[in-house]
Structures are given as structure tokens and as C-alpha cells.
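Peer 1: give me a 3D structure for the following:
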Amino acid sequence: MTELRRTPLYDLHIELGARMVPYAGWEMPVQYPLGVLGEHQHTRAAAGLFDVSHMGQLILRGPGVVDALERLVPADIAGLAPGRQRYGLFTNERGGIIDDLMIANKGDHLLLVVNAACADKDIAHLAAHGLHPEVVGDRALLALQGPAAESALASLVGGVAEMRFMDVADLEWDGARLWVSRSGYTGEDGFEISLREDRAADFARALLALDEVAPVGLGARDSLRLEAGLPLYGNDMGEDVTPAQAGIGFAIPKARRAGGARAGGFPGADVILPELGAAGRSRRGVMPEGRAPIREGVAIFAQAEGGEPLGHVTSGGFGPSVGGPVAMATLPCEIADGATLYAELRGKRQQLRVVPMPFVKTTYKR
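Peer 2: Down below sits the predicted model:
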């Protein structure tokens, strides 16, 4: 059995009373004494601090890396200004998604943040195409999310208030260099902060000393991202799901689409580009009636009885801010918002309604 890895904040999690669980090869906090519901609500009302040090941080530098990365990612890397970052996708020849990632232009290099469970295959994928990333192995990664995130971080770090959504900057705290982005995975305004692992616990303690900041685990991270309509790799997207089917066609900009300045040229372009705006199926929001959540894999039908499944739930749970269950499902695109469908739970069909996403209003600082 492979031994689980621990982040630089492991001891702090234990001190804070976290319940630790295996996740993507790491031992991670799923919740603290406040509980998932309390952590979720605190993040929506004030600021939640997340340990996301399990994510992969990779650096690409040297001549030709922009062009080389554009041959793997259907994003406008050439048009990415210094001090900005973009959401991107690694795709395969079938049009499926190998991983989703963040790509930042740090001036003299690109910084990639990839999913923990996909980091090793992403590194191998890059290497197979002539790109050999520097793996950042000595830095922790924290996320501070919520309406009080700016004021909390600004009380410790100068320069954050001037940042806007998807800006990146190198800032200072107590002699430590921080790699800061104004981004996150909750639908709230917030920041992600990379810093040397030997300073991470002190920095986290400084944030947690503020009344508005509370530690938050994986449980609330999932309910927050679900309410925000944000997809999770392995649930809502994967190597057999195209960007259009995953509902993330927005990640492919005009420059890389048919007729664009640098159209295609990435794996699976012949499958992906014709589907944009014309996919037969896509990720949709659904709200079940009642209080019982519907989970991943649950089949969805057009009628209360009989018939073949129209699709299935990819992510689902209880939405504390919504006050009821919410889910995302792969469904035919022609089904209109407001339509009534049925989810089959334990042999019984539960009524649900197709709704637009996100389920809660996002508060990014544009």
C-alpha cells in the first residue's frame, strides 16, 4: 500500500482538530470542528482558508515554451499578458480532457497549477511532447476565499487590493516571497497563495488569527464549488468527455477556434472544434425536489416511469447556501431550462428541474 503524502500544514491541521482522509494520494483535512456546514457558511459570509498544497505546481521556461504549450492546450497562451493567468485544458486525440489547469504568465516563465491526482500524468504528457517542467516541490499552496478575503489578506500583505480576478503577482510577507493569484474554486472572491513550505504554517497561523478567517476542509470545498457550478475533474470531465460535453467550451478562446488566428493545432481539435455550440450533450444544472441529495452516477429519465435514461448525475450534494440539494448532470442540450425530469433513487423516481448555473451568484472582482 502506497504511503499517503502530507502537506507542510499537516501538523497544523491536527492541532486544529481536523479529520484527515486520503485524497489523491495525500492525507488531507475533510473538515474541522466547525463542521462542513459551518465551514461552508463561514466562507460565503467571511473568509475560509484552504490547504491546497496537494495541487501540482509546475514551471515552464525557455524559448519556444509558449508555442509548444499551445500545441497541447487549446488556450491563447501567446495573448496571455505578464501578470495574468488563464484556465486551460490538456486534451487528447479523442477530444477528451486529460486535466484542467491554471496557466500564469510570470514574465520570464509560465506557472502551471494542475490537479493533484493528474500531476504525474501531466508531467509525463508534457515530457512526451518535448516540454520538461520544473516541479515545484518546496512550496505550499493556500487558498483564501470569501467576501472578507481581500481585507484579511491586505491586513498582512501589501498590493493585494489592487489585484483583479485572474491577476498574478509576486508579493512579500515577513521576508517571504508569495506567488499570489486572485482566483479560487468557490465562486467567491479570493486568492491562492504559494510560498515556501517552511513559512507556510506561520503564514496560515497569521491568517487564522484574524476573526474573519476560519480553516475549511475538502467537504465544504466540494459543496462550495458545486453551488458555483464549477466542474471537478474525474466527475464532470475526464478523458472520454469533450470540453463542450463538460460545459467548459468557454476555455477555448476565439483565437483557437475555427477561423481564429491560431485555430486548432492541439490534440483532438478535429473533434472538439466542430462540437463547440453544437454538442449533443452537455453539463447542466438540476435541482431535485425535497431535501434528499442526488449523487454521482444517478440515472435521469424524462418520465416518472419507464423509458431509457437521458443522462446521469456527475456531481451532486446538498447546497447549504441554496437551502436544498443541487446537482450537475450530463443531459441532451435540447432540454430547456425549467424542464421537469426524474432521477431514479433506490428504485423510485424523484422529480427534479433543469436550471441555469451557477446555483449561487459568483462574486469575482472583475
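Peer 1: next one: the residue nearest to L9 when sequence neighbours are not counted from A143, what distance?
Peer 2: The spatially closest residue to L9, leaving aside those adjacent along the chain, is D51, at 4.7 Å (CB to CB, 6 or more residues apart in numbering). To be clear about C-beta, it is placed using only N, CA and C from the backbone, and glycine gets the same treatment. D51 is 8 Å from A143, where distance means CB to CB, to the nearest Å.
Peer 1: any idea how this structure splits into domains?
Peer 2: Taking automatic domain parsing as the domain assignment, the record places the domains of the chain at 5-53+137-227, 280-366.
Peer 1: need the ones you listed in CSV with mean pLDDT, can you?
Peer 2: Formatted as CSV, the domains of the chain follow (pLDDT from 0 to 100):
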stretch, mean pLDDT
domain 5-53+137-227, 98
domain 280-366, 96
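Peer 1: related to what we said a few turns ago, more neighbours, D51 and A143?
Peer 2: For D51 and A143, the more surrounded residue by other CB atoms under 10 Å is D51, and the numbers stand at 27 against 22.
Peer 1: contacts only, for that one.
Peer 2: If a contact means CB atoms under 8 Å, 6 or more residues apart in numbering, then D51 has 7, 9, 13, 28-29, 140-142, 204 as its contacts.
Peer 1: so what strands line up beside the host helix or strand of E172?
Peer 2: With elements delineated by DSSP states H and E, E172 resides in strand 168-173, which encompasses its position. The partner list of strand 168-173 in its sheet, established with DSSP bridges, is strand 176-181 (antiparallel).
Peer 1: which positions within the partner strand qualify as buried?
Peer 2: 178-181 (16 or more other CB atoms under 10 Å).
Peer 1: ok, so of those, who is nearest V73?
Peer 2: Of all these, S181 has the smallest distance to V73: 17.5 Å, by CB to CB.
Peer 1: let me know whether that closest one touches N105 as I believe.
Peer 2: No. In terms of CB atoms under 8 Å, S181 does not count as a neighbour of N105; the distance is 11.2 Å.
Peer 1: joint contacts of these two?
Peer 2: The overlap between the contact sets of S181 and N105 (CB under 8 Å, 6+ apart) consists of 85, 168.
Peer 1: what about D174, how many neighbours?
Peer 2: Using other CB under 10 Å, the number of residues around D174 comes to 11.
Peer 1: got the contact list for it?
Peer 2: 199, 202-203, 206.
Peer 1: which ones are touching N115?
Peer 2: Applying CB under 8 Å, 6+ apart to N115 gives the contacts 24, 55-56, 99-101, 122, 233.
Peer 1: sorry, wrong one. I was asking about I300.
Peer 2: Residues counted as contacts of I300 (CB under 8 Å, 6+ apart) are 286, 309-313, 329, 331, 341-344, 352.
Peer 1: what of S321?
Peer 2: Under the criterion of CB under 8 Å, 6+ apart, the contact list for S321 reads 40-41, 44, 227, 359-360.
Peer 1: state the distance from the residue nearest to M163 when sequence neighbours are not counted to A78.
Peer 2: In space, not counting the residues next to it along the chain, M163 is nearest to R182; the distance is 4.4 Å by CB to CB, 6+ apart. Relative to A78, R182 is positioned 22 Å away (CB to CB).
Peer 1: these two: who's more crowded?
Peer 2: Of the pair R182 and A78, R182 is the one with more neighbours under other CB under 10 Å, namely 23 against 13.
Peer 1: just give the closest residue to the residue positioned nearest the centre of the chain, not the sequence neighbours.
Peer 2: Central residue of the chain (CA atoms, centre = their mean): Y185, 4.9 Å from the mean position. Using CB to CB, 6+ apart and skipping residues adjacent in sequence, the residue nearest Y185 is R225, 5.0 Å away.
Peer 1: distance from the chain centre to the helix or strand hosting the one you found, please.
Peer 2: Using DSSP H and E, R225 maps to helix 218-227. On the basis of CA atoms, centre = their mean, to the nearest Å, the separation between the geometric centre of helix 218-227 and that of its chain is 10 Å.
Peer 1: so which elements touch that helix?
Peer 2: If contacts are counted by 3 or more CB pairs under 8 Å, 6 or more residues apart in numbering; DSSP states H and E, helix 218-227 sits against strand 26-31, helix 35-45, strand 47-51, strand 311-319, strand 324-332.
Peer 1: where along this protein do the helices fall?
Peer 2: Secondary structure of the chain, counting by DSSP state H: helices at 10-15, 35-45, 65-70, 119-128, 149-154, 197-208, 218-227, 269-275.
Peer 1: quick one: G137 from G56, how far?
Peer 2: Taking CB to CB as the measure, G137 and G56 are separated by 10 Å.
Peer 1: kindly report the same for P274.
Peer 2: Applying CB to CB, one obtains 31 Å for the distance of P274 from G56.
Peer 1: the more surrounded of those two?
Peer 2: Here P274 and G56 are set side by side on neighbour count (other CB under 10 Å), and the busier one is G56, at 22 against 13.
Peer 1: identify the bridge partners of the more buried one.
Peer 2: Residues in beta-bridge contact with G56 (DSSP bridges): V114.
Peer 1: pLDDT score assigned to it?
Peer 2: For G56, the pLDDT comes out at 98.
Peer 1: list the contacts for it?
Peer 2: With CB under 8 Å, 6+ apart, G56 has these contacts: 112-116, 118-119, 122-123, 135.
Peer 1: quick one: W173 and R225, what's the gap?
Peer 2: Taking CB to CB as the measure, W173 falls 27 Å from R225.
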